[in-house]
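> Provided below are the primary sequence and the corresponding predicted coordinates.
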Amino acid sequence: MSGGPAVNGGPTAGGGLSTNGGLSTNGGPGVSGGPTVHGDLAELRERARAVLDPAHYDYYAGGVGDEVVLGENEAAFRRLALLPRVLRGRATRDLAVDLPGGRLALPVLVAPTAFHRLAHPDGELATARAAAAAGTVLVSGVASTVAIAEVVAAAREVDAGAAVWFQLYPHPEHDVTACLVRRAERAGCTALVVTADSPVFGRHRRDAEHGFHDLPEGLAAENMRDLPGGPPGGTRDIAMSPAVSWADLDRLRALTSLPVWLKGVLHPRDAVLAVEHGAAGVVVSNHGGRQCDLVPAAVDALPAVVEAVAGRVPVLLDGGVRGGGDVAVALALGAAAVGVGRPVLWGLAAAGEAGVARVLDLLRDEFDHVLALCGGRDPADLTRDLVVPRGTGVSARCG
Ligand SMILES: Cc1cc2nc3c(=O)[nH]c(=O)nc-3n(C[C@H](O)[C@H](O)[C@H](O)COP(=O)(O)O)c2cc1C
Ligand SMILES: CC(C)CC(=O)C(=O)O
């Protein structure tokens with residue numbers, strides 16, 4: 001087994017913590033030139049469950065505590081309905097969104113998730129290729145099982161203009177953070193994402209039950225290799241620190257000219273502070289229900305953050321997005337785009353690069369379809385008045 005003891009109770013990582021439905025009505029071609037993969041997201045999840053080691057499946061699928069927030073992230077979307085506008089659409093829709101750090105061909109990006117080689121031997125290389133082929137951003141995590149330079153190179157082989165962002169946790173040793181930032185810059189990343197919701201690692205019962213604390217032999221968090229304070233050729237743990245503060249964000253921003261996103265914001269006041277501290281954007285996220293089991297569903301936290309930020313920076317959302325309708329609801333509530341975590345892992349486990357391509361293709365096609373049903377020409381047509389609490393049919397802002 002690899003590396004040191006679990007950090008804060010998480011797995012260690014050898015240095016890691018530890019319709020067009022048949023009718024041809026403007027449906028675009030699939031995003032991937034690779035083998036065709038069939039099935040919807042639920043089927044891909046079942047295929048992933050069938051092929052993965054149960055401990056690894058549960059690491060991906062699980063959440064913190066009683067997994068209340070894990071379920072709520074998806075349930076909250078089901079409590080919302082769309083109130084479409086009619087007779088204002090157009091034949092083809094423009095799905096693209098411009099963000100600090102890159103242009104997305106669809107308002108869906110790949111959220112950072114750890115250890116893709118647990119899902120498929122190609123790991124983050126496959127994810128990077130599929131994201132690039134779809135024309136969207138991969139937020140590559142510090143906890144990736146392929147080094148960031150190789151991840152970016154894989155994306156750029158598919159599309160020389162592909163944008164890859166790098167996610168990190170501020171390390172308590174500042175020279176380690178600085179080294180990670182330099183690596184991401186040298187690799188060609190176009191933005192950084194600082195995850196702020198993890199002062200300590202969430203306690204996951206499923207991991208404890210499986211005794212999953214280490215990556216299998218041969219896998220490691222490759223970005224953590226050869227860092228200051230670590231053994232030559234060896235890896236350091238992904239350290240989380242309860243002492244992390246706004247000063248760490250300031251210090252990190254001073255290290256780089258790349259746009260810096262702040263991920264894991266739920267409180268509107270923190271969103272305002274993020275703007276004041278120069279964040280290029282904020283990501284409303286509860287870490288997919290993996291950190292604190294007492295917080296609101298991500299989509300329920302979104303409107304207050306959007307209101308507080310008041311258009312000064314873009315707001316992203318992740319957590320519980322499982323279809324194009326969810327994407328549309330999040331955008332109508334003010335998100336500029338959404339991130340998807342687990343669905344990408346299910347696609348990767350089920351069919352490697354083609355599986356991730358299938359997930360992004362499904363989301364793109366479903367979103368385009370819902371946008372058309374709402375009389376939308378582009379994402380900007382999805383406005384707040386289009387979302388109503390299910391069961392009411394009335395928007396507070398209608399009129
Ligand atoms: C297995 C797994 C690993 C994750 N690893 C990270 C990580 O290393 N850094 C991070 O900021 N977020 C991480 N996340 C959280 C995701 O970025 C994202 O917030 C979450 O998955 C969104 O919820 P969804 O899975 O319902 O789409 C992880 C999520 C999962 C499921
Ligand atoms: C290695 C961990 C830090 C990855 C993570 O954030 C998670 O599993 O939720």
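Looks like it arrived, so ask away. Numbers count the residues shown, from 1 in each chain. Ligands and ions are numbered 1, 2, ... in the order given.
> every contact and neighbour count from this point should use C-alpha atoms.
Will do.
> quick one, helices of the stretch 251-399 of the chain?
For the stretch 251-399 of the chain, the helices defined by DSSP state H, counting those that start in this stretch occupy 268-276, 298-309, 324-332, 342-373.
> cool, the stretch 1-150 of the chain as well?
41-51, 54-61, 68-78, 123-134, 148-158.
> ligand 1 is nearest to which of the helices of the stretch 251-399 of the chain?
Ligand 1 lies closest, by Cα to the nearest ligand atom, to one member of those: helix 342-373, at 3.9 Å.
> which of the helices of the stretch 1-150 of the chain sits most buried?
helix 123-134 (a mean of 28; mean count of other Cα atoms under 10 Å).
> report the angle between that one and helix 148-158.
Angle, helix 123-134 to helix 148-158, by axes from the mean of the first three to the mean of the last three Cα atoms, to 10 degrees: 30 degrees.
> need the contact partners of helix 123-134.
Outside helix 123-134, the residues that touch it by Cα atoms under 8 Å, 6 or more residues apart in numbering are 31-32, 105, 109-110, 115-117, 137-138, 140, 144-146, 150-152, 154-159, 162-164, 344, 348, 352-354, 356-357, 360-361.
> only alpha carbons, please: show that helix as CSV.
In CSV, the C-alpha atoms belonging to helix 123-134 read as follows (Å, rounded to 0.1, in the frame of the first residue of the first chain):
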residue,chain,number,x,y,z
GLY,A,123,-8.0,7.8,-15.3
GLU,A,124,-7.8,11.6,-15.7
LEU,A,125,-6.3,11.2,-19.2
ALA,A,126,-9.6,9.8,-20.4
THR,A,127,-11.6,12.5,-18.6
ALA,A,128,-9.5,15.2,-20.0
ARG,A,129,-9.9,14.0,-23.6
ALA,A,130,-13.6,13.6,-23.3
ALA,A,131,-14.0,17.1,-21.7
ALA,A,132,-11.9,18.6,-24.4
ALA,A,133,-13.8,16.9,-27.1
ALA,A,134,-17.1,18.2,-25.6
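> name the residue of the stretch 201-350 of the chain that lies nearest to ligand 2.
Closest point on the stretch 201-350 of the chain to ligand 2, by Cα to the nearest ligand atom, is residue 290, at 5.7 Å.
> touching, that residue and residue 202? I think so.
Yes: with contact defined as Cα atoms under 8 Å, residue 290 and residue 202 form a contacting pair (5.9 Å).
> which residues of the stretch 101-250 of the chain fall in strands?
Secondary structure of the stretch 101-250 of the chain by DSSP state E, counting those that start in this stretch: the strands cover 102-104, 108-110, 138-141, 164-168, 191-195.
> the first one packs against which elements?
The contact analysis (3 or more Cα pairs under 8 Å, 6 or more residues apart in numbering; DSSP states H and E) places strand 102-104 against strand 97-99.
> list the buried ones in the strand it packs on?
By 16 or more other Cα atoms under 10 Å, the buried positions in strand 97-99 come out as 97, 99.
> for that strand, the distance to its chain's centre please.
16 Å (Cα atoms, centre = their mean, to the nearest Å).
> does stretch 308-323 reach ligand 1?
Yes: Stretch 308-323 is in contact with ligand 1 by Cα under 6 Å from any ligand atom, via 318-321.
> of these - the most surrounded one?
Each of the residues of stretch 308-323 next to ligand 1 was scored for neighbours by other Cα atoms under 10 Å, and residue 318 scores highest at 30 neighbours.
> show me the contacts for that residue.
By Cα under 8 Å, 6+ apart, the neighbours of residue 318 are 111, 283-288, 298, 338-341.
> if you set the cut-off to 7 Å instead, what comes out?
By Cα atoms under 7 Å, 6 or more residues apart in numbering, residue 318 lies in contact with 284-285, 298, 338-340.
> burial measure for residue 279, as a count.
Count around residue 279 with other Cα under 10 Å applied: 23.
> on that earlier part again, save the helices of the stretch 1-150 of the chain as JSON lines, and put in mean pLDDT and distance to residue 191 too.
Below are the helices of the stretch 1-150 of the chain laid out as JSON lines (pLDDT from 0 to 100; distance: least, Cα to Cα, whole Å):
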{"stretch": "helix 41-51", "mean pLDDT": "98", "distance to residue 191": "28"}
{"stretch": "helix 54-61", "mean pLDDT": "98", "distance to residue 191": "25"}
{"stretch": "helix 68-78", "mean pLDDT": "98", "distance to residue 191": "26"}
{"stretch": "helix 123-134", "mean pLDDT": "98", "distance to residue 191": "15"}
{"stretch": "helix 148-158", "mean pLDDT": "98", "distance to residue 191": "12"}
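> tell me which of these sits nearest to residue 176.
helix 148-158 (15.2 Å; Cα to Cα).
> starting at the chain centroid, how far to the closest one?
That offset, for helix 148-158, works out to 18 Å (Cα atoms, centre = their mean).
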